[in-house]
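Peer 1: requesting a structural model of the entry that follows:
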Amino acid sequence: MKESQFYYIATYGCQMNVHESEKLAGILTTRGYLPTDDQSKADIIVFNTCCVREGAEQKIIGNIGAVKPLKRQNKNLIVAVCGCMTQQSKMANYLREKFPFINIIFGANNVEFFGKYLDTYLQQKKFQNDVIIDQDYIENENSVEMVRDSTLHAFVNIMYGCNNFCTYCIVPYVKGREISRDAQAVLDEVRQLVQMNYKVITLLGQNVNSYHSTLNGNPVDFADLMQLVCDMNGDFELRFMSSHPKDLTSKVIDTIARNPKISKYIHLPVQSGSNAVLKRMNRNYTREKYLCLIDEIKTKIPNVVLTTDIIVGFPGETQQDFDDTIDLLKTVEYANAFIFMYSKRKGTPAEKMPNQIPIEIKRERIHALLALEHEISNRVFEAMKGTQQRVLVEDENNQEYLAKVQCGKVVKIPKGVKNLSVGEFADVLITKYSNGDLIAE
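Peer 2: All right, here's what the predicted structure looks like:
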């Protein structure tokens, strides 16, 4: 064995996957591996995959294939693939047949057992393949030391799986049904992170609004959990994602409004502004219900920053349906919208729906929506001029401090008036919006 062994983790998809990669890094670190940003120097390469969109899946397959020359150069290189892709039926066999140089394959539900698979492979030099269907991972959440991706930001899983079965989404089929973590375990983890001086703590789940557990025999819902976190001593900011509109309650909105520790940034995916499309998507809310929620949020949280997800070109989407989405975007005025073209996911109901939209129309619509989103976003951030904002200083250079507002927009603070430190919260006055960045003093 050479003096040092290095690992490289390629992470795709959502913040849940980013957090899973922190667990993978922890497992490798406890075995003496060091991180590297150069695949060619790695002794083990791990692909933590995503299967939400077809384009992402094809990109991952291409990137796995690109490792073949490295494997040829280094026969001892270990290649592991895990995550949502491998959790799909027959995908593990497909990857093994297409890329016989892969040494370890395991599913999204058994990340915590990666160390066992790696140890067994190193001992036996035999291909390891384990995809757990049952959600045993919930019992092992606290058993893995993590190497967190940031010294300021920390992710905390509060639940796994999804019960919503949106017709375009593969997640319930690969992640399974919803399971909430024990409230005490979540609180213990958050308290430890606060004591370690993490400044931004994000609670994660496919739908955090449906969280439910107990504490000392009493029921705990998502609003209760956030309040319990806010009651902890410490200077930190609490965030969460993702939030499903059908389960967002007035109790949650009130909890956000009254607690200064909770970020006034809410990501609330709408997916479409058309009731007909929302029904085919099985989103279980109407355009009117969604806009009522937006009105309540804006009334109770006047300084709220809203973002969303939108799917363009869902099967059967008419021009009127698309116009309804345009209108909703104009009505809500999101600071940012993550806009995607619909793509078929094998095994979902939408895959076999009639009236699939031609790619040319999808492209035309997404370009129109992106242009509108850019225009609205600029207007939202322009309107921040003259307002006071609480920011977290995350970096600095010779000329300025680099901070972020709660929704993640960069704020540049020229040096010279007051000395700030990385990791410090500061109240600033926004004086300008230029080239996509906010300028403050």
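
Peer 1: doesn't Asn384 fall inside a strand?
Peer 2: Just to correct that, residue 384 is Met rather than Asn. No. Counting by DSSP: H, G, I helix; E, B strand; the rest coil, Met384 is not found in a strand; it is coil.

Peer 1: name the nearest residue to it, sequence neighbours excluded.
Peer 2: Ile430 (4.7 Å; C-beta to C-beta, 6 or more residues apart in numbering). For every residue, glycine as well, the C-beta is placed using N, CA and C.

Peer 1: in PDB, list the C-alpha atoms belonging to stretch 199-209.
Peer 2: C-alpha atoms of stretch 199-209 as PDB (Å, rounded to 0.1, in the frame of the first residue of the first chain):
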ATOM      1  CA  LYS A 199     -24.300  28.800  11.600                       C
ATOM      2  CA  VAL A 200     -26.900  27.500   9.100                       C
ATOM      3  CA  ILE A 201     -28.700  24.300   9.800                       C
ATOM      4  CA  THR A 202     -31.000  22.900   7.100                       C
ATOM      5  CA  LEU A 203     -33.600  20.200   8.000                       C
ATOM      6  CA  LEU A 204     -34.000  17.800   5.100                       C
ATOM      7  CA  GLY A 205     -36.800  15.600   3.800                       C
ATOM      8  CA  GLN A 206     -38.700  14.900   0.600                       C
ATOM      9  CA  ASN A 207     -41.700  16.700   2.200                       C
ATOM     10  CA  VAL A 208     -40.800  18.100   5.600                       C
ATOM     11  CA  ASN A 209     -44.300  19.300   6.200                       C
END
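
Peer 1: what residues sit buried inside that stretch?
Peer 2: Neighbour-count burial for stretch 199-209 flags 199-209 (criterion: 16 or more other C-beta atoms under 10 Å).

Peer 1: make a markdown table out of these and add pLDDT.
Peer 2: What follows is the buried residues of stretch 199-209, written out as a markdown table (pLDDT from 0 to 100):
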| residue | pLDDT |
| --- | --- |
| Lys199 | 96 |
| Val200 | 95 |
| Ile201 | 96 |
| Thr202 | 96 |
| Leu203 | 97 |
| Leu204 | 95 |
| Gly205 | 93 |
| Gln206 | 91 |
| Asn207 | 95 |
| Val208 | 97 |
| Asn209 | 97 |
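
Peer 1: could you export those residues as TSV, including distance to Val332 and secondary structure?
Peer 2: Compiled in TSV, these are given as follows (distance: C-beta to C-beta, whole Å; DSSP: H, G, I helix; E, B strand; the rest coil):
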residue	distance to Val332	secondary structure
Lys199	29	coil
Val200	25	strand
Ile201	27	strand
Thr202	23	strand
Leu203	24	strand
Leu204	24	strand
Gly205	23	coil
Gln206	23	coil
Asn207	20	coil
Val208	21	helix
Asn209	19	helix
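
Peer 1: burial check on the closest residue in space to Lys199 that isn't next to it in sequence, number of neighbours?
Peer 2: The shortest distance from Lys199 to any non-neighbouring residue, by C-beta to C-beta, 6+ apart, is to Leu152 (4.8 Å). For Leu152, the neighbour count with other C-beta atoms under 10 Å is 17.

Peer 1: help me confirm that the residue nearest to Met384 is found in a helix?
Peer 2: No. With three-state DSSP as the criterion, Ile430 is strand rather than part of a helix.

Peer 1: which strand residues bridge it?
Peer 2: On the basis of DSSP bridges, Ile430 is bridged to Ala440.

Peer 1: please enumerate residues in contact with the lowest-mean-pLDDT helix or strand in the chain?
Peer 2: Lowest by mean pLDDT, DSSP states H and E among the helices and strands of the chain is strand 128-130, with a mean of 82. Applying C-beta atoms under 8 Å, 6 or more residues apart in numbering, the contact partners of strand 128-130 are 92, 96, 103-107, 110, 113, 117-118, 120-121.

Peer 1: check stretch 358-365 too.
Peer 2: So stretch 358-365 is in contact with 312-313, 322, 341-342, going by C-beta under 8 Å, 6+ apart.

Peer 1: with secondary structure and distance to Tyr285 added, can I get these in TSV?
Peer 2: Shown next, in TSV, are those (DSSP: H, G, I helix; E, B strand; the rest coil; distance: C-beta to C-beta, whole Å):
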residue	secondary structure	distance to Tyr285
Val312	strand	19
Gly313	coil	21
Phe322	helix	19
Met341	strand	23
Tyr342	coil	19
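
Peer 1: need the buried ones from those residues selected in PyMOL.
Peer 2: Selection of the buried residues among the contacts of stretch 358-365 in PyMOL, burial being defined by 16+ other C-beta under 10 Å:
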select buried, resi 312+313+322+341+342
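
Peer 1: which one among the contacts of stretch 358-365 gets closest to Asn303?
Peer 2: Minimum distance to Asn303 across the contacts of stretch 358-365 is 29.8 Å, recorded for Val312 (C-beta to C-beta).

Peer 1: check the offset of stretch 364-374 from the chain's centre.
Peer 2: Between the centre of stretch 364-374 and the centre of its chain there are 23 Å (C-alpha atoms, centre = their mean, to the nearest Å).

Peer 1: got the CA coordinates for it in PDB?
Peer 2: Written as PDB, here are the backbone C-alpha positions of stretch 364-374 (Å, rounded to 0.1, in the frame of the first residue of the first chain):
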ATOM      1  CA  GLU A 364     -39.800  27.300 -26.900                       C
ATOM      2  CA  ARG A 365     -41.700  27.400 -23.600                       C
ATOM      3  CA  ILE A 366     -38.800  26.900 -21.300                       C
ATOM      4  CA  HIS A 367     -36.900  29.700 -23.000                       C
ATOM      5  CA  ALA A 368     -39.900  32.000 -22.600                       C
ATOM      6  CA  LEU A 369     -40.300  31.000 -18.900                       C
ATOM      7  CA  LEU A 370     -36.600  31.500 -18.200                       C
ATOM      8  CA  ALA A 371     -36.600  34.900 -19.800                       C
ATOM      9  CA  LEU A 372     -39.600  35.900 -17.600                       C
ATOM     10  CA  GLU A 373     -38.000  34.400 -14.500                       C
ATOM     11  CA  HIS A 374     -34.800  36.400 -15.100                       C
END
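
Peer 1: just checking: what are the partner strands of the helix or strand just after the least confident helix or strand of the chain?
Peer 2: Sequence-wise, the next helix or strand downstream of strand 128-130 (DSSP states H and E) is strand 153-157. For strand 153-157, the paired strands and their directions (DSSP bridges) are strand 200-204 (parallel).

Peer 1: tally of neighbours for Glu22?
Peer 2: There are 20 residues near Glu22, going by other C-beta under 10 Å.
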